[in-house]
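> coords below, sequence missing:
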Ligand code: FPP
């Protein structure tokens, strides 16, 4: 039986988040520089978006650049930014034709000007699409996001627009960059690293994790389907007992 035939189409996650990891190690294995790994990773991004859309996943979040990634050698950071600008320019029409909306999370004001402009154009062009929302996490870190939310709430309290009694989970979520996006049911990380690395810390409270040894540039439909099958084999209890879920 093919992997596709094993998928339960009544139990497709609404939101899948991916930590794309292993570009550098994969490139090294090939005797190439790190940037070659990132460039090759774009094909995995394309493949993943295509499969997500085909399966009817509504939100796909990709961790493309973390706040910590600025500490990499300048050449690599510049290369990644150029790759991003180029990829967005190349893909925006195809995203749009396929009904895909692009949004970003993270502090994009720190990105190079041409990158900010490219992203703003792509967000605007695709804003009415409803098939799939592609969420690119760029200059993102979850602790930054949580602190930003906290600061905004503190200002609202200072200005007497809110009282501390009104602060609850629901209100807090509305101050995060992921407001209006459901929490991911599944988080995938490639390259054999079993860490969360400051990604969506608030949102993954009940998320299932799938770790694979595959390096990101090798990640294709087969690996994505395996991750979803792994998810579908689990029972999500949200703190309840099994009988309560089945009943
Ligand atoms: C992690 O591999 C990957 C990144 C930091 C960047 C991911 C970027 C892309 C796949 C390309 C562009 C993306 C889009 C959305 C067009 P790593 O460098 O940490 O690998 P390593 O752990 O082996 O060193």
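Done, it's in. For clarity, every value in this text was computed on a predicted model and none was experimentally measured.
> would you list every one of the helices in this structure?
Assigned by DSSP state H, the helices in the chain fall at 3-6, 23-29, 34-55, 74-97, 113-125, 142-158, 169-173, 221-232, 242-246.
> Run through the residues of the protein sitting next to the ligand.
Contacts of the chain with the ligand, taken as CB under 6 Å from any ligand atom, map to 20-25, 38, 41-42, 45, 62, 64, 69, 83-84, 87, 136, 191, 216. Using the backbone N, CA and C atoms, a C-beta is placed for each residue, glycine as well.
> The same query, at a cut-off of 8 Å, please.
Residues of the chain that fall close to the ligand, judged by CB under 8 Å from any ligand atom: 19-28, 34, 37-39, 41-42, 44-45, 62-66, 69, 72, 76, 80, 83-84, 87-88, 91, 136, 191, 193, 215-217.
> buried subset of these?
By neighbour count, with 16 or more other CB atoms under 10 Å, the residues of the chain next to the ligand hold 19-27, 34, 37-39, 41-42, 44-45, 62-66, 69, 76, 80, 83-84, 87-88, 91, 136, 191, 215-217 as buried.
> ok so, going back, kindly reformat the helices of the chain as a markdown table containing distance to residue 132 and mean pLDDT.
Formatted as a markdown table, the helices of the chain follow (distance: least, CB to CB, whole Å; pLDDT from 0 to 100):
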| stretch | distance to residue 132 | mean pLDDT |
| --- | --- | --- |
| helix 3-6 | 18 | 96 |
| helix 23-29 | 23 | 98 |
| helix 34-55 | 5 | 98 |
| helix 74-97 | 9 | 97 |
| helix 113-125 | 14 | 98 |
| helix 142-158 | 22 | 98 |
| helix 169-173 | 22 | 98 |
| helix 221-232 | 14 | 97 |
| helix 242-246 | 28 | 80 |
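> which residue packs closest to residue 4, ignoring adjacent ones?
Excluding its sequence neighbours, the residue lying closest to residue 4 (CB to CB, 6 or more residues apart in numbering) is residue 225, at 6.3 Å.
> Hmm, residue 8 and that neighbour touching each other?
No. Taking contacts as CB atoms under 8 Å, residue 225 lies outside contact range of residue 8: 11.7 Å.
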